[in-house]
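Participant: I'll drop the sequence and a predicted model, then ask my questions.
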Amino acid sequence: TVEDLENGQLPQYDIYVMNADGSNKTLILKHNDEILSINDPMFSPDGSRIIFEARLDEDGNHGIPVYNIFSIKPDGSDLKRITQNDGETDLLPQYSPDGKKICYYTYKWENGQHTKQIRIANPDGSNEKVISEFPWETNPSWVPSCEKSNLEFNVYNTSFNVADYLTPCITRVYCSSNVY
C-alpha cells in the first residue's frame, strides 16, 4: 500500500492465476512470514510449474533484501525451493523455451561492492553453471531464434549516471550450445 511505502516497507505480492479475460482469479501462493513477497512469476513452457523469485527475511543481511528462486504447480501444490540462501540474491528466473534449463542472475554485496553473475541450471536448481561474471550484466532472458534458443542479457555501462545505467549499452547473446 502507499502507507507501507511511506513507512519504508517494501510491497508484498502474491501469485494468482486466471483466465485470459481476467475471470476465475485464483490465489496460488500468498506471502507469509518466510516468503515476504513473490515477484516475476513465469510458467514453464509445458505449463506444469510456475517459477518465481521470493523476497525472504532480511535479518542477517544488513537490511538488504535477499531473494531466492522457488517453483510451484499452478494448482498451488508442491512448492519447491530452487536456490538456497547463500547470501546472494537470485533474480529474474526464466525457463528456456524447451523447459530444460532456467537462467537467472545473482548479486551479492560485500564490503560496499557488489558482484553479479548470470547463471543457468536445471529447473530443479541442479547443475548450476556461472556463465558470466561481469559486474553489470543483468536481466537474462531466452530469445527463440530460427533453430536454436539463445540466452540474451544486458550489459550496463559501469558509470553511475542514471541515464547510462537504465540504458543497455551492449546486449550479449550466447548460443544455447555454448551454455547447455
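Facilitator: The structure has been received and is ready for your questions.

Participant: in stretch 106-125, what counts as buried?
Facilitator: Buried residues in stretch 106-125, defined by neighbour count with 16 or more other CB atoms under 10 Å: 106-108, 116-121, 123, 125. All C-beta atoms are positioned from the backbone trio N, CA, C, and that covers glycine.

Participant: pLDDT on that stretch, on average?
Facilitator: Stretch 106-125 carries an average pLDDT of 82.

Participant: and the end-to-end length of that stretch?
Facilitator: End-to-end span of stretch 106-125 (CA to CA, to the nearest Å): 13 Å.

Participant: buried sites along stretch 23-39?
Facilitator: In terms of neighbour count (16+ other CB under 10 Å), stretch 23-39 has its buried residues at 28-29, 31, 35-38.

Participant: let me have the residues you listed in CSV, extended by pLDDT and secondary structure.
Facilitator: Formatted as CSV, the buried residues of stretch 23-39 follow (pLDDT from 0 to 100; DSSP: H, G, I helix; E, B strand; the rest coil):
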residue, pLDDT, secondary structure
Ile28, 93, strand
Leu29, 92, strand
His31, 87, coil
Ile35, 84, strand
Leu36, 83, strand
Ser37, 85, strand
Ile38, 90, strand
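
Participant: of all those, which comes closest to Pro93?
Facilitator: Distance to Pro93, by CB to CB, is smallest for Ile38 among these, at 11.8 Å.

Participant: mind listing what the closest one touches?
Facilitator: For Ile38, the contact set (CB atoms under 8 Å, 6 or more residues apart in numbering) comprises 13-15, 29, 31, 52-55.

Participant: and those, which of them are buried?
Facilitator: 13, 15, 29, 31, 52-55.

Participant: picking that back up, which among the buried residues of stretch 106-125 gets closest to Asp46?
Facilitator: The shortest distance between Asp46 and any of the buried residues of stretch 106-125, using CB to CB, involves Pro123 and amounts to 10.6 Å.

Participant: cheers, nothing more for now.
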